[in-house]
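[1] Sequence first, predicted model second:
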Amino acid sequence: MKQIKVVHYLNQFFAQIGGEEKADIPPESKSGPVGPGMAFKGAFGDAAEIVATVACGDSYFNENPDVALAAILDMIASFEPDIVVCGPAFNAGRYGVACGAVATGVREKLNIPAITGMYVENPGVDLYKQSVHIVSTKDNAAGMRDAVALMVPLALKLARGEEIGTSAEEGYIPMGIRKNFFDKKRGSRRAVDMLLKKMAGEPYETEFPMPDFDRVVPNPAVKDISKAKIALVTSGGIVPKGNPDRIESSSASKYGKYDLEGIRDLDAQTYETAHGGYDPVYANEDADRVLPVDILREFEKEGKIGSLSRYFYSTVGNGTAVASAKKYARAIGEELVADGVDAVILTST
Amino acid sequence: MKLEVGYIPIRDIQFGPTSKVDGNVLYVNQDELSRLLLQDEAIESVALDIARPGESVRITPVKDVIEPRVKVHGGGGIFPGWCAKVDTVGSGRTNVLKGAAVVTAGKIVGFQEGIIDMSGEGARYTPFSTLNNLVLVVEPKQGLAQHAYEKTLRLAGLKAAEYLGKLAADIEAEEVHTYETLSLLEGVRAYPDLPRVGYVLMLQSQGLLHDTYVYGVDAKQIIPTLISPTELMDGAIISGNCVSACDKNTTYHHLNNPVVQDLFAEHGKTLNFVGVIITNENVFLADKMRSSDRTAELCGYLSLDGAIISQEGFGNPDTDLIMNCRKIEAKGIKTVIITDEYAGQDGASQSLADADEAADAVVTGGNANEVIHLPAMERIIGSIDAVDHIAGGWSGSLNEDGTITAELQVITGATNELGFNTLSAR
Amino acid sequence: MVKEIERAGIPVVHMCTVVPISMTVGANRIVPTVAIPYPLGNPASTPDEEKELRRKLLDKTLDALSTEVEDQTVFE
């Protein structure tokens, strides 16, 4: 059997170019495997060879998605691969979005099969699970070995054009594409069996998981913004210098509430970011770039808004589970209501 | 209530000088049956035809499928409110011509009826391709209004099935099944340790070709009520609907309700099958609210531990389904719902029009939008020219060579929401 | 987060750079921002230009808060 040619897509970090300070690099390529590519190389053995690695900075990709994707696809096409492996991205949001976009682009524009891997809560999952196979991984790079073990056999099958099993069999996240099949038992019998298990408290598998229809009806607009009390909330991790509450840089377990009384401008001496998922340089230089206290103070003075609420709330969105973020936001929401806040500006990085 | 059902297997139908059951063959005197049906003055002509499993035959536009049955003893007669008086049925002995069916065909609205293929790809999806079908193609008198035509065709099918069923009255059955539902108190005493399970049977009730009847009453006028499962086996519920034929219950489905059969199979072993609650799917929100409230109240009153809820149709009835599920679950009763999906031809769209996290146990009859390709057939029973307009077909669905490209929803019974088939989706 | 605050009954504007994610998580009023590490700034321009940029974005945000919406709306 002819050896399968693989191109591997990575971000700047996994491609060993650099951390957040290099997140703005444009796409580049190297021959052969890099970083996690070594683990894939080991697992592929003689069946496939990683002929090249294409890398791009996460910020560059997300800020210039069209330009970046076009350049990456050109590079990938030049190597004429049989399959493209992206990531895995674990729970890195921007990396996940990039991996999903690249894999989808490879499939749809180059007509070459592609695969990626992510943690189920990565925003890239919701955006791309219908268009590409996304293997379910742990939320951090400690899950690399498990991810490789699932991605390699699936990649080989896709490259060879073999039939792909169900999401449960192959370990990818259900694509949300509904496909008919003839089951062994008729529907009524399946319903009786499911009910017996459900009544006994035993595990059972629904044939159609309810979609997340969780949408909140928009609240009415603020009637008179010049009288409104406005609060600032951020998931960009802005905290007083020294991070007094020790909010984690990733998978935050808490949020902070900080007093803005008498503060007209956030500066490098007094504020910084605790967020570990983006280049902190610019926020550390001037935290107003994430949390615009300076302008809102001007608006307050000019009478454009009633007032800026005394406290701001901050947490780190990076890799934080949806359930946790929900919990913090619920608590924050209660306090905001108690403080008589009329409107909220929430900034994200 | 206790019913014995005797099965007489039918392996072929033939026209002959005398209508009779001989061995496993059902013989039909065409003239006699036609004369009987032509007693209805609204009918201009009746054509009878036979479609057997494996034949290169396409039946369309199909309105209903009905199994021939006869009441041997016990109160009332088959199809109470139509062919018999409204006396309560469901007790005593009933005989069935198993493997035979009456299929009614006629262009009532022209785009709302279904297709039954007796062979090829389409035959895999419809349970009726396995039956020996006596097909009635009924032409109405000119000027007959749609509603009247629908009723005429509905009654013609029931009468023909009754006529054939009577041939089974004195035949010895090859197999006899006994079904018994105990009264509330007897059931508690007999199975004190088994979970109490009910069945909520939702009936389509939205107008022409969307209606269902219970003892002759239009189901849109009922308040949810209890009915014994054996009453269904004697035709207490009959079908008046076939729009998007894939997920509408024919009368055949009601007579052979698979949820009822499979709950009876576990009755007294792993569960106590308490009874059936019938409810409707009306077009007004107030009706939906009232019916789902009453249904949940009945479930609570019966002290159920669990309930299976089956839907009929899709779209706004998804809301009835979800309301029933949510309100019954809110009483601490575990539910499983049976539905089907309209996830688009590519399978990527939202499958249901409504959803709730309470509906965490779902059985699906498959995606009705999935596209299928049907081969040309040597013989068409009925008329093929409606296929381009049928629900699930589109302009150009019927190709010049007689093949059809259409959505699965054109096939009668393909994604049935009683769980009649093995089809599912994932 | 944005959904839970909306649920608390307070209108909220989500200012973010990766709008598709904001759509997926269910924000109702969305104002697209400049870049991930500096949503409301631009280190390449002068401090005055940067403030002007921020002021414009916040003007848009106030407009968003003052506008009735029925569905997810991006204020470009």
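    Structure received. No experiment lies behind these values; they were computed from the predicted model shown.

[2] Report the helix of chain C that spans the greatest number of residues.
    Taking DSSP state H as the criterion, chain C has its longest helix at helix C:47-66.

[3] which helices and strands sit right next to that helix?
    helix A:293-302, strand A:343-347, strand C:12-16, strand C:29-32 (3 or more CB pairs under 8 Å, 6 or more residues apart in numbering or on different chains; DSSP states H and E). Yep, even glycine has a C-beta here, placed from its N, CA and C like the rest.

[4] Repeat the analysis, applying 10 Å as the threshold.
    strand A:229-234, helix A:293-302, strand A:343-347, strand C:12-16, strand C:29-32 (3 or more CB pairs under 10 Å, 6 or more residues apart in numbering or on different chains; DSSP states H and E).

[5] Who are the packing partners of the shortest one?
    Read it as strand C:29-32. Under the contact criterion of 3+ CB pairs under 10 Å, 6+ apart, strand C:29-32 touches strand A:343-347, helix C:2-7, strand C:12-16, helix C:19-25, helix C:47-66, strand C:73-74.

[6] Try it again at 8 Å.
    Right, strand C:29-32 is packed against strand C:12-16, helix C:19-25, helix C:47-66, strand C:73-74 by 3+ CB pairs under 8 Å, 6+ apart.

[7] okay, the ones you listed, which one's buried deepest?
    By mean neighbour count, with neighbours taken as mean count of other CB atoms under 10 Å in any protein chain shown, strand C:12-16 ranks first of the helices and strands packed on strand C:29-32 at a mean of 28.

[8] so for that one, what's the average pLDDT?
    Strand C:12-16 shows a mean pLDDT of 94.

[9] Residues in contact with it: which ones?
    Residues outside strand C:12-16 that contact it (CB atoms under 8 Å, 6 or more residues apart in numbering or on different chains): A:219, A:233, A:343-349, C:2, C:5-6, C:22, C:27-33, C:39-40, C:57, C:61, C:64-65, C:75.

[10] Distance check, C:Val74 against chain A.
    13 Å (CB to the nearest CB, to the nearest Å).

[11] And the residue of chain A closest to chain B?
    As assessed by CB to the nearest CB, chain B sits closest to A:Gly187 within chain A, at 2.7 Å.

[12] didn't that residue look like it was pressed against B:Ser424?
    Yes - contact criterion CB atoms under 8 Å: A:Gly187 and B:Ser424 qualify, at 6.9 Å.

[13] Give me the common contacts of those two.
    B:Val363, B:Thr364, B:Gly365.

[14] can you pull the contacts of the last one?
    Right, the one you point to is B:Gly365. For B:Gly365, the contacting residues are A:187, B:247, B:338-341, B:414-417, B:419, B:421, B:423-424, by CB under 8 Å, 6+ apart.

[15] Try it again at 10 Å.
    Going by CB atoms under 10 Å, 6 or more residues apart in numbering or on different chains, B:Gly365 touches A:180, A:186-187, A:207, B:246-247, B:310-311, B:338-341, B:413-425.

[16] Could you do the second one as well?
    Taking CB under 10 Å, 6+ apart, we find B:Thr364 in contact with A:178, A:180, A:183, A:187, A:190, A:206-208, B:337-341, B:343, B:351-352, B:415, B:417, B:419, B:423-426.

[17] I'd like to know which of these are part of strands.
    A:Asn180, B:Ile337, B:Ile338, B:Thr339, B:Asp340, B:Glu341, B:Leu423, B:Ser424, B:Ala425 (DSSP state E).

[18] out of those residues, who's nearest chain C?
    When the ones in strands among the contacts of B:Thr364 are ranked by distance to chain C (CB to the nearest CB), B:Glu341 comes first, at 22.3 Å.

[19] For the closest one, which non-adjacent residue is spatially closest?
    Leaving aside its chain neighbours, B:Glu341 sits nearest to B:Ser351 (3.7 Å; criterion: CB to CB, 6 or more residues apart in numbering or on different chains).

[20] Is B:Gly198 part of a helix or strand, or is it coil?
    strand (DSSP: H, G, I helix; E, B strand; the rest coil).

[21] Report the beta-bridge partners for it.
    Judged by DSSP bridges, the bridge partners of B:Gly198 are B:Gly275, B:Ala307.

[22] Kindly state the pLDDT recorded for it?
    As predicted, B:Gly198 sits at a pLDDT of 98.

[23] Please indicate which of the contacts of strand C:12-16 are buried?
    Listed as buried from these are A:219, A:233, A:343-349, C:2, C:5-6, C:22, C:27-33, C:39-40, C:57, C:61, C:64-65, C:75; burial here means 16 or more other CB atoms under 10 Å in any protein chain shown.
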